[in-house]
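# quick one, fold the following:
(one chain, ligands or ions: 1)
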Amino acid sequence: SSWHLSQFDIGRPLGKGKFGRVYMVRTKSEPKYILALKCLYKSEIIQSKVEKQIRREIEIQQNLRHPHVLRLYGYFHDEKRIFLMLEFAGKGELYKQLSKYGKFSDKRSSRYIAQMADALAYLHSKHVIHRDIKPENLLLGINGELKIGDFGWSVHAPGNRRKTLCGTLDYLPPEMVEGKEHTEKVDHWALGVLTFEFLCGVPPFEDLRGYNATYKKISKVEFQIPDHVSAEAKDLIKKLLQHDPEKRMPLSEVASHPWIVKYKKDRPSSQ
Ligand SMILES: COc1cccc(-c2nc(Nc3cc(C)[nH]n3)cc3ccccc23)c1
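Numbers count the residues shown, from 1 in each chain. Got it, this is the predicted structure:
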């Protein structure tokens, strides 16, 4: 069933992406679905030589079904643009919340990381890796649940986004900054970086002196965890930020880690 722009009522623009804009839209015909329509300009895609990557990302994301992975329902195109019909996440960008609050509580961070570990285990079971899980690519559903946003493109809010150059390096593991081949273990590393950033408000290897300084800290795994971070959280971060990809904690162990279990939702309350 192919779709056309005329079948939607176009709502407010949600934000700008690298190759176009994201709009909140609703289908005109019953049942009236609300979704996020991402418009990519073919001209820009061709210029940036990302056509094959975009086809692959669409192919991958269309086949994924998970509560913490943003759905891609379908896509269509006209002569100038490609339109992606994406799940609408009601509470927007997680990144904005992090900027607003500075950092998240132990409980909120633990719940988000549990959801991420769940989503990553699903993606890895489908041999999908490196989903670029930095805060800019995470969205929040209407009940505050985390959604890994559309794949490959980060949606940047105008103005308050981080300097993209720095952003891109902060989450890369040693094997990638050193140009070695990478496995799904890059996501275990990124999960450790994300845990640190949720609890501290900044990523562990950020170095305001710039790219090369960050590069060195990543390859030497040089980071300090502030004292305000709980012992259990410290333990998890250290077990994920391991230089040797094979030494990084398996996702199944993340899910049963004390820091994750203690904040699990509606657990039978232990005395
Ligand atoms: C203002 O900048 C941006 C950029 C990108 C997305 C939003 C935004 N997005 C969504 N939901 C989405 C987005 C996608 C691809 N699926 N669901 C909801 C929001 C709610 C309030 C404000 C902003 C929102 C903003």
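# leaving out chain neighbours, which residue sits closest to His77?
Phe83 (6.5 Å; Cβ to Cβ, 6 or more residues apart in numbering). C-beta: built from backbone N, CA, C; applies to glycine.
# and the one you found, that one's in a strand?
Yes - under DSSP: H, G, I helix; E, B strand; the rest coil, Phe83 falls within a strand.
# for it, give me its contacts.
By Cβ atoms under 8 Å, 6 or more residues apart in numbering, the residues touching Phe83 are 3, 5, 37-40, 75-77.
# cutoff 6 Å now
37, 39, 76 (Cβ atoms under 6 Å, 6 or more residues apart in numbering).
# which of these are buried? Put it as a PyMOL command.
Here is the PyMOL command that selects the buried residues among the contacts of Phe83 (16 or more other Cβ atoms under 10 Å):
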select buried, resi 37+39
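# between the contacts of Phe83, which is nearest the ligand?
Leu37 (8.7 Å; Cβ to the nearest ligand atom).
# in a strand, that's where the closest one is, yeah?
Yes - under three-state DSSP, Leu37 sits within a strand.
# what lies in contact with stretch 104-117?
Contacts of stretch 104-117 (Cβ under 6 Å, 6+ apart): 68, 146, 191, 195, 198-199, 230, 251, 254-255, 259-260, 263.
# with stretch 259-266 instead?
Contacts of stretch 259-266 (Cβ under 6 Å, 6+ apart): 107, 110-111, 114, 232-233, 236.
# would you put the C-alpha positions of stretch 244-258 in PDB?
The C-alpha coordinates for stretch 244-258 follow below in PDB (Å, rounded to 0.1, in the frame of the first residue of the first chain):
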ATOM      1  CA  ASP A 244      39.100  -4.800  24.900                       C
ATOM      2  CA  PRO A 245      35.700  -5.300  23.300                       C
ATOM      3  CA  GLU A 246      35.500  -8.900  24.500                       C
ATOM      4  CA  LYS A 247      35.800  -7.700  28.100                       C
ATOM      5  CA  ARG A 248      32.800  -5.400  28.000                       C
ATOM      6  CA  MET A 249      29.900  -6.600  30.100                       C
ATOM      7  CA  PRO A 250      27.300  -8.700  28.100                       C
ATOM      8  CA  LEU A 251      23.900  -7.000  27.800                       C
ATOM      9  CA  SER A 252      22.200  -9.900  29.700                       C
ATOM     10  CA  GLU A 253      24.500  -9.100  32.700                       C
ATOM     11  CA  VAL A 254      23.600  -5.400  32.400                       C
ATOM     12  CA  ALA A 255      19.900  -6.300  32.800                       C
ATOM     13  CA  SER A 256      20.700  -8.200  36.000                       C
ATOM     14  CA  HIS A 257      23.200  -5.700  37.400                       C
ATOM     15  CA  PRO A 258      22.400  -4.500  41.000                       C
END
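# list the buried residues in it.
Quick answer for stretch 244-258 (16+ other Cβ under 10 Å): 245, 248-249, 251, 254, 257.
# that stretch: how far from the chain's middle?
The chain centroid and the centroid of stretch 244-258 are separated by 19 Å under Cα atoms, centre = their mean, to the nearest Å.
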